[in-house]
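**Q** Give me a model of this one.
(2 chains)
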Amino acid sequence: MVSYIVFLLVIAGIYALLAQSLCLAWGVTGLVNLGLAGFFAIGAYASATVVKWGGAPVPLGLLAALAAGAIAGFVVCVSTLRLRDDYLAIVTLGFAEAVRVVASNEIWLTGGTDGISGIPAGLPRDWGQGFHLASLAAVSAVVGAVWLALRRLVASPWGRALRAVREDQVVAAVAGKRVTRLKAEAFAISAAIAALAGALYGHYTSYIAPEIFQPLVTIYVFLAVTAGGNGRPTGATVGAYLLIAFLEATRFAAEVVPGVSALQAAALREMAVGVALILLLRFRQRGIFPELNQKAPA
Amino acid sequence: MPEALIQALINGVIAGTILAVPALGFTAIFAVLNYPNFAIGALATVGAYAGWVGNTAFGLPMAAALPVAFVAAALAGLAVQWMAVKPLEAAGALMMAIASLAAGLVLENMLRFGFGNELRGFDLPLLRDWRFGAFRVGPQQVENFVLALACMALLWAFLRFSRTGRAMRAVADNRDLALLRGVDPVRVAAVTVAVGAGLAGMGGMLVGLDTSVDPLVGTRLVLSIFAAAVLGGLGSIPGAVAGAIAIGVAEEVAVLAFNPAYRLVVGFVAILAVLTLRPAGLFGTRAG
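**A** Numbers count the residues shown, from 1 in each chain, chains lettered A, B, ... in the order given. Coordinates of the predicted model:
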């Protein structure tokens, strides 16, 4: 039981990073990233290949993931930043699919649909329970660090400018903000955070494969961020832990529905996720931690 | 020209014409309601299952199963619009798009709950391909092609000659002016969603006829649909047709050069290229 909870807390921490990534792009800047699962995958593969095939230490793998995520984020968003915001949504959705197709077919690099197994963790796996606790400490520390950094960024003049871009690009531009550049920066940083989450996931579970990075992951994160409050790093982080609690609760709930096969139970859970997101968007759009109005600097 | 390339062109034009049907649905909803409806893949799947049930359980021929697909997907599309998307109109296009994505997930899993993950095939006679010299075309392929053309001809007539169709084009063209002239926006929006979703449903069934039906049959089309609509210019009706045929051909030709699995990536690359070089697409006017 304890090991189950520790495992869930590590996974929730990884989702918290994804939620923080989406908070910066969507909540603060207004850029909808429907390809979150793709950036998650990019980071997982970048770090896993560098560490496993390249023999680099894990911290270097994490850096590689951050770099790969930021570059991918920049390339994906750059062509759409001057267009209506829904173009970015379309491109990112396509990006996640393209990543999955490439990961499934470039067997020499990614192991194809078999994935990559035996990814080193950087922590000794033979510690048993100690390994999971140490991983929990490490992942939670990263979540805390990113949370602090995002809070600083969001409260900084840069963060204010991002919110101005979100509210009205024309006004922000008239006020002298470099709208395109701000959006590109926010999106690239956000993509790097998602990639870091992927790297940590690979090192913790030791196994990654294309099927892990399904579009459903993206919807989970939207649910988490909407529940917590999409404009605040605190809201996104708390939302991710609530998401994992909700997903586990639906797992048990689906098991007690009588006369339902395993496949049908899984379908019911995914329906619950979709319905929860629709209801939250409609009735609790500002989440548990609504964005606060910031006082203008004196 | 090498024969393989000509064969790929033939297949591509046929596949592209079928792709044009759901792409028209997506672009019509974008033109009138001003948001990208990400439930379009799931709506295509709804149509595919409805057509399959009509065909295998009630023995309907394809031309009669197609309206069944249209009606089922249109009803599902209206349900998505009223329950998930419309309440978010004030929150903007992006919120509507996200809600439609969530609604698509719900639809997909309702189908999975009811029908399971098995591949379902239509009740089709096995026919030998027609050969023209070195080239071959399946009779079923030709039937699907003709059915897709018929769908488009009906849509064209509807938009051209019916009062509602003209109202739809008026709203797409200039919303404020159309409202000023007494067009009922609620009615036009409802008809557009029904027609757009219905087109997606018919497209899903036509693709299901060509391959098979499973809960992801429409979702697999989504990238190609987006690519067709963006290439033609989001919101442009002739653009969606031209874009779909271009994407269909590009996918078939790409299969000659690369691993067949990469046909999915063609759509993504096309979207990136169009948005970088000419964001308004072939026929579009607005992208800013």
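**Q** burial count for A:V171?
**A** Residues near A:V171, counting by other Cβ atoms under 10 Å in any protein chain shown, number 12. In this view, the C-beta of every residue, glycine as well, is placed from N, C-alpha and C.
**Q** now it: how far from A:G94?
**A** Look at A:V171 and A:G94: by Cβ to Cβ, to the nearest Å, they are 31 Å apart.
**Q** And for B:L221?
**A** Taking Cβ to Cβ, one finds B:L221 at 12 Å from A:G94.
**Q** B:A242 now?
**A** On the measure of Cβ to Cβ, B:A242 and A:G94 end up 20 Å apart.
**Q** A:A46 too?
**A** In terms of Cβ to Cβ, A:A46 sits 20 Å off from A:G94.
**Q** Of those two, which one has the most company?
**A** A count of neighbours by other Cβ under 10 Å puts A:G94 above the other of A:A46 and A:G94, at 28 against 25.
**Q** doesn't B:A270 make contact with that one?
**A** No. Contact criterion Cβ atoms under 8 Å: A:G94 and B:A270 do not qualify, at 9.3 Å.
**Q** intersection of neighbour lists for those two?
**A** B:A227 (Cβ atoms under 8 Å, 6 or more residues apart in numbering or on different chains).
**Q** ok, which stretches of chain B are helices?
**A** B:3-33, B:40-58, B:62-80, B:93-115, B:139-161, B:163-173, B:175-180, B:185-210, B:222-232, B:237-257, B:263-277 (DSSP state H).
**Q** Any chance of CSV for those helices, columns mean pLDDT?
**A** Below are the helices of chain B laid out as CSV (pLDDT from 0 to 100):
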stretch, mean pLDDT
helix B:3-33, 93
helix B:40-58, 96
helix B:62-80, 96
helix B:93-115, 95
helix B:139-161, 92
helix B:163-173, 89
helix B:175-180, 86
helix B:185-210, 94
helix B:222-232, 94
helix B:237-257, 93
helix B:263-277, 90
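**Q** Pick the most buried one from the ones you listed.
**A** helix B:222-232 (a mean of 29; mean count of other Cβ atoms under 10 Å in any protein chain shown).
**Q** State the distance from A:F40 to chain B.
**A** 17 Å (Cβ to the nearest Cβ, to the nearest Å).
**Q** Just give the closest residue to that residue, not the sequence neighbours.
**A** A:G198 (4.2 Å; Cβ to Cβ, 6 or more residues apart in numbering or on different chains).
**Q** so what's the backbone phi/psi at that neighbour?
**A** Torsion angles at A:G198 (phi, psi; degrees, to the nearest 10) stand at phi -60, psi -40.
**Q** and it, how many neighbours?
**A** Around A:G198 there are 32 residues (other Cβ under 10 Å).
**Q** Could you pull up the residues touching it?
**A** Contacts of A:G198 by Cβ under 8 Å, 6+ apart are A:39-47, A:65, A:69, A:208, A:213.
**Q** So which of the residues you listed wins on neighbours?
**A** A:F39 (36 neighbours).
**Q** ok, that one to A:S206 distance?
**A** Distance from A:F39 to A:S206, by Cβ to Cβ: 21 Å.
**Q** ok, now B:D123?
**A** Taken as Cβ to Cβ, the span from B:D123 to A:S206 is 47 Å.
**Q** And for A:D85?
**A** Taking Cβ to Cβ as the measure, A:D85 falls 38 Å from A:S206.
**Q** Show me which of those two is the more surrounded one.
**A** Between A:D85 and A:S206, counted using other Cβ under 10 Å, the more crowded position is A:D85 (18 against 15).
**Q** Contacts only, for the more buried one.
**A** A:30-32, B:93-94.
**Q** Nearest to A:A98 among these?
**A** Closest to A:A98 out of those is A:V32 (17.6 Å), distances taken as Cβ to Cβ.
**Q** quick one, what contacts the nearest residue to that closest one once chain neighbours are set aside?
**A** Spatial nearest neighbour of A:V32, excluding adjacent residues (Cβ to Cβ, 6+ apart): A:A89 at 4.5 Å. The contact partners of A:A89, taken as Cβ under 8 Å, 6+ apart, are A:32, A:34, B:36, B:38, B:94, B:97.
**Q** Tell me the secondary structure at A:A89.
**A** helix (DSSP: H, G, I helix; E, B strand; the rest coil).
**Q** Point out the residues in the stretch 101-250 of chain B that sit beside chain A.
**A** B:101-106, B:108-110, B:112-113, B:116-117, B:222-223, B:226-227, B:230, B:234 (Cβ under 8 Å from any Cβ of the partner chain).
**Q** Swap in 7 Å and give it another go.
**A** Listed as neighbours of chain A in the stretch 101-250 of chain B under the rule Cβ under 7 Å from any Cβ of the partner chain: B:101-103, B:105-106, B:109-110, B:112-113, B:116-117, B:223, B:226, B:230.
**Q** Which pair of those residues spans the longest distance?
**A** B:G116 and B:V230 (33.8 Å).
**Q** Quickly note the distance from the residue of chain B positioned farthest from its centre to chain A.
**A** Ranked by distance from the centre of chain B (Cα atoms, centre = their mean), the top residue is B:G133, with 32.7 Å. Computed with Cβ to the nearest Cβ, the distance linking B:G133 and chain A is 34 Å.
**Q** For B:F268, list the residues it contacts.
**A** Under the criterion of Cβ atoms under 7 Å, 6 or more residues apart in numbering or on different chains, the contact partners of B:F268 comprise A:94-95, A:97-98, B:223.
**Q** can you list these in a markdown table and add secondary structure?
**A** Formatted as a markdown table, the contacts of B:F268 follow (three-state DSSP):
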| residue | secondary structure |
| --- | --- |
| A:G94 | helix |
| A:F95 | helix |
| A:E97 | helix |
| A:A98 | helix |
| B:L223 | helix |
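**Q** Make TSV out of those and add distance to B:I14.
**A** Below are the contacts of B:F268 laid out as TSV (distance: Cβ to Cβ, whole Å):
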residue	distance to B:I14
A:G94	24
A:F95	28
A:E97	23
A:A98	25
B:L223	19
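**Q** between these, which is nearest B:A246?
**A** B:L223 (14.3 Å).
**Q** so who does the closest one touch?
**A** A:94, A:97, B:264, B:267-268.
**Q** any idea how far A:E106 is from it?
**A** Distance from B:L223 to A:E106, by Cβ to Cβ: 18 Å.
**Q** quick one: what helix or strand has the closest residue to B:P87 other than its chain neighbours in it?
**A** Distances taken as Cβ to Cβ, 6+ apart place A:R282 nearest to B:P87, at 4.9 Å, with adjacent residues excluded. Counting by DSSP states H and E, the element that carries A:R282 is helix A:262-283.
**Q** now that helix and helix B:93-115, what's the angle there?
**A** 160 degrees (axes from the mean of the first three to the mean of the last three Cα atoms, to 10 degrees).
**Q** Now do the buried residues in helix A:262-283.
**A** A:264-278, A:280-282 (16 or more other Cβ atoms under 10 Å in any protein chain shown).
**Q** distance of A:I244 from A:V78?
**A** Counting by Cβ to Cβ - A:I244 and A:V78 are separated by 33 Å.
**Q** Between the two, which has more neighbouring residues?
**A** It is A:I244, of A:I244 and A:V78, that has more neighbours when counted by other Cβ under 10 Å, with 20 against 17.
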